[in-house]
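A.B. asks: show me the folded form of this:
(chains A, B, C and D)
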Protein chains: 2
Amino acid sequence: MKLQADGRKVRGEKRRAEIIEATLRVIERDGVAGVTHRTVATEAGVPTTSTTYHFSSLDDLLVATLISCARDMATEVYWMIDRARSRGSRGAEEVAGLLAEALGPRRGRTMAEYELYLLAARKPELRPAARRWLDVLTSMVRHDDEVAFRVFLAGIDGLLIQGLIDDEPPSADELRPVVDYLLKPR
Amino acid sequence: MKLQADGRKVRGEKRRAEIIEATLRVIERDGVAGVTHRTVATEAGVPTTSTTYHFSSLDDLLVATLISCARDMATEVYWMIDRARSRGSRGAEEVAGLLAEALGPRRGRTMAEYELYLLAARKPELRPAARRWLDVLTSMVRHDDEVAFRVFLAGIDGLLIQGLIDDEPPSADELRPVVDYLLKPR
DNA sequence: TTTGTTTTGGGACGATCGTTCAGGTAGTTT
DNA sequence: AAACTACCTGAACGATCGTCCCAAAACAAA
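C.D. replies: Below is the predicted model of the structure:
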């Protein structure tokens, strides 16, 4: 029985987490294409061999990054819904604001998420992680209209990906009518 | 005045087109990450230096491929709409079928399109080409309900990208109610 | 302290990358 | 015919890649 965690492993886990964070920053800046052992190591401020020690391959590193990223996104969506509900709102305002933020200040992060999304399309083992935020939403919403809900989820994804190729990010005001239409019960 | 085209340039243009087609096949198979001068050259059955001769850089090759791909997609969408109209249909059936095809037999092509889509998010010069198929749709449809149309376009993109991370591609039957809901006037 | 385990990091290997270059070929113009 | 232009291609360069190896360091267990 060990009551205290192994100090070495603790530091190891910490560095592992730092490498994942650095990887996400690299993807935000240069895309998945910019991810190499060396760029990630430089970004994290660790020697190159550190990334190969903690991750058996570059693929493993990307997989771990996607899983971490998907988990963050899922909890974020969770709290957004929770916040919207506590206000008694139907959510259009919150969703439009979140989309505008994702396409504006957090644009790099959004691009990173969709690049990892597409990575999941090619690597089956990543799909459960990529679907997690969809699952979180699905589990939180009442299921009285399955079709309308699927339309809503698809619409969000579509608005995000189309917003990424706009010359300038759409504002929350521009997005609100579209989101409102998406949420409108009928 | 030259009545006949230069035979050398004709062959050059032909080879250039073959290289672009080979590039698209490589992207379908291995993703944008798999595109190198050598893999493309091998796929096209030409020497490596041929790709560097016809395209000043790898970036140029990807740009040309996206533009070609976007043009194909735009004309395809054009004819689909035309076909649906000639049948007097509202289009739900046609759209659902097209989506199922894009996510089934043509799954690799669809992944390639979205990878190039995301490339356009990082390279502003690609955005006009990436937006073309949206523009084609926009120009063909009546503008009596702008918001509903934007929702429709976003929904299509969302359904496609979500269908790419499904373990097995959705059938046209599964997609039809969602598409129908998207197209339903209200 | 001694022994064993885990992390760290410098160095290097072979492979592959984008790109260049120079010579060769084919087609056009004069 | 000669001169010119455009395309083709084998060879090679330097850079960078993923990954491996091994010794040092840090820490735990004995």
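
A.B. asks: only C-alpha atoms from now on, for both contacts and neighbour counts.
C.D. replies: OK.

A.B. asks: could you point out the longest helix in chain A?
C.D. replies: Secondary structure of chain A per DSSP state H: the longest helix is helix A:58-86.

A.B. asks: what about chain A, any weak spots by pLDDT?
C.D. replies: Along chain A, the parts satisfying pLDDT under 70 run over A:1-4, A:88-90, A:186.

A.B. asks: for DNA strand D, what's the nearest residue on it?
C.D. replies: Proximity of chain A to DNA strand D (CA to the nearest atom of the strand) peaks at A:Thr36, 3.2 Å away.

A.B. asks: A:Thr36 contacts A:Leu58, doesn't it?
C.D. replies: Yes: under the criterion of CA atoms under 8 Å, A:Thr36 makes contact with A:Leu58 at 7.3 Å.

A.B. asks: next one: A:Pro105 from A:Val178, what distance?
C.D. replies: Plainly put, A:Pro105 is 21 Å away from A:Val178 if you go by CA to CA, to the nearest Å.

A.B. asks: an error on my part: the question was meant for A:Asp166.
C.D. replies: A:Asp166 sits 16 Å away from A:Val178, taking CA to CA as the criterion.

A.B. asks: which of the two has more residues huddled nearby?
C.D. replies: Between A:Asp166 and A:Val178, counted using other CA atoms under 10 Å in any protein chain shown, A:Val178 has the larger neighbour count: 23 against 17.

A.B. asks: not counting its neighbours along the chain, what's nearest the more buried one?
C.D. replies: In space, A:Val178 comes closest to B:Val147 once its chain neighbours are excluded; the distance is 5.7 Å by CA to CA, 6 or more residues apart in numbering or on different chains.

A.B. asks: just A:Val95 next, same as before
C.D. replies: In space, A:Val95 comes closest to A:Val179 once its chain neighbours are excluded; the distance is 7.2 Å by CA to CA, 6+ apart.

A.B. asks: what is the neighbour count of the residue of chain A closest to DNA strand D?
C.D. replies: 16.

A.B. asks: spell out which parts of chain A neighbour chain B.
C.D. replies: A:33, A:111, A:114-115, A:117-118, A:120-121, A:124, A:127, A:130-131, A:147-148, A:150-159, A:161-162, A:164-167, A:177-178, A:181-182 (CA under 8 Å from any CA of the partner chain).

A.B. asks: among these, which are in helices?
C.D. replies: Going by DSSP H, the helices hold A:111, A:114-115, A:117-118, A:120-121, A:127, A:130-131, A:147-148, A:150-159, A:161-162, A:177-178, A:181-182 from the residues of chain A next to chain B.

A.B. asks: intersect those residues with the contacts of DNA strand D.
C.D. replies: Near DNA strand D, judged by CA under 7 Å from any atom of the strand, there are no entries from those.

A.B. asks: buried subset of the residues you listed, written for ChimeraX?
C.D. replies: Restricted to buried positions by 16 or more other CA atoms under 10 Å in any protein chain shown, the ChimeraX selection for those reads:
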select /A:111,114,115,117,118,120,121,127,130,131,147,148,150,151,152,153,154,155,156,157,158,159,161,162,177,178,182
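
A.B. asks: right, and the residue nearest to A:Val95 touches A:Glu94 too?
C.D. replies: No: taking CA under 8 Å as the definition, A:Val179 is not a contact partner of A:Glu94, at 9.7 Å.

A.B. asks: which of those two has more residues huddled nearby?
C.D. replies: Between A:Val179 and A:Glu94, A:Val179 has the larger neighbour count (other CA under 10 Å), namely 24 against 18.

A.B. asks: mind checking how far stretch A:133-153 is from the chain centre?
C.D. replies: Offset of stretch A:133-153 from its chain centre (CA atoms, centre = their mean, to the nearest Å): 18 Å.

A.B. asks: what's the answer for stretch A:10-24, then?
C.D. replies: Distance, stretch centre to chain centre, for stretch A:10-24: 18 Å (CA atoms, centre = their mean).

A.B. asks: which of the residues in that stretch are buried?
C.D. replies: Neighbour count says stretch A:10-24 has A:15-24 buried, by 16+ other CA under 10 Å.

A.B. asks: ok, and does it reach over to DNA strand D?
C.D. replies: No: figure legend: stretch A:10-24 not in contact with DNA strand D (CA under 7 Å from any atom of the strand); closest approach 8.0 Å.

A.B. asks: interface residues of chain A facing DNA strand D?
C.D. replies: Residues of chain A lying near DNA strand D (CA under 7 Å from any atom of the strand): A:2, A:5-8, A:35-39, A:48-49, A:52, A:56-59.

A.B. asks: report how many residues lie close to A:Arg25.
C.D. replies: So A:Arg25, with other CA under 10 Å, has 19 neighbours.

A.B. asks: who touches it in this structure?
C.D. replies: A:Glu43 (CA atoms under 8 Å, 6 or more residues apart in numbering or on different chains).

A.B. asks: would you quantify the distance from it to DNA strand C?
C.D. replies: Noted for A:Arg25: a distance of 19 Å to DNA strand C, by CA to the nearest atom of the strand, to the nearest Å.

A.B. asks: do A:Ser86 as well
C.D. replies: 43 Å.

A.B. asks: now swap in A:Pro170 and tell me
C.D. replies: From A:Pro170 to DNA strand C the distance is 33 Å (CA to the nearest atom of the strand).

A.B. asks: if we can go back for a sec, how about the residue nearest to A:Val95, what does it touch?
C.D. replies: Contacts of A:Val179 (CA under 8 Å, 6+ apart): A:92, A:95-96.

A.B. asks: so which of these is the closest to A:Thr138?
C.D. replies: A:Val95 (15.5 Å; CA to CA).
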